[in-house]
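A.B. asks: sequence plus the predicted model coming up.
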Amino acid sequence: MATKGNKKLRENKEGNLVSRGMVIVKTEWNAGIVDELEKGCKKILKEKNITFKTLVVPGAVEIPFAVKAHSQSVSDTSELPDAYIALGCVIRGDTPHFDYVCKAVTDGIVQLNLQLSSPVIFGVLTVENEKQAKERIGGKHGHKGEEAALTALAMAKLVQSILSAEKH
């Protein structure tokens, strides 16, 4: 069973992020759930004074393409956002489609994390039913949209600390 979030993420007070902003990539599928993930994500980013923009894609499989296309649209890596945050919700149905979609989006995000210099945060719910999804947007399993934003902040700080250590 999943635990209610990573409490250390909320306690992270290690310095401020010098921010280039973040890009949220969210899906249209299961909009009621995904919109709540986005609200939680935006809440945290606003609290931390981080600018962001949202890109909307039809489904979860299209998330990696949108991240890659955005990353290629900037003229150099210094213009990349501090992080990309992938938000979606894939609910199991009666066919193996769920398995293919979950694997495709997961593999795509992993590949992007290995290729890009900005982290891509996995905020895609992969659940059995709508009840489980609702439990993850402020229910008994916390708010995964907020956690995705906190993870993005933590990873952006890590990248900045690695880069500043290399310069010294």
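C.D. replies: All right, it came through fine. Residues are numbered from 1 along each chain as shown.

A.B. asks: so for the residue lying closest to residue 141 once chain neighbours are set aside, what's the pLDDT?
C.D. replies: In this structure, residue 141 finds its nearest non-sequential neighbour in residue 135, 4.8 Å apart by CB to CB, 6 or more residues apart in numbering. All C-beta atoms are positioned from the backbone trio N, CA, C, and that covers glycine. We have a pLDDT of 96 for residue 135.

A.B. asks: what about residue 135, how many residues close to it?
C.D. replies: 18 (other CB atoms under 10 Å).

A.B. asks: tell me the backbone dihedrals of it, please.
C.D. replies: When read as degrees, to the nearest 10, the backbone of residue 135 gives phi -70, psi -10.

A.B. asks: was I right to think it contacts residue 129?
C.D. replies: No - shown here, residue 135 and residue 129 do not form a contact pair, counting by CB atoms under 8 Å, at 9.9 Å.

A.B. asks: quick one: buried residues of the lengthiest helix in the chain?
C.D. replies: Ordering each helix of the chain by length in residues (DSSP state H) puts helix 144-167 first. Neighbour-count burial for helix 144-167, counted by 16 or more other CB atoms under 10 Å, picks out 144-157, 159-160.

A.B. asks: then stretch 128-143?
C.D. replies: Buried, per 16+ other CB under 10 Å, within stretch 128-143: 132-138, 141-143.

A.B. asks: where does this protein dip in pLDDT?
C.D. replies: Scanning the chain for pLDDT under 70 picks out 1-18, 166-168.
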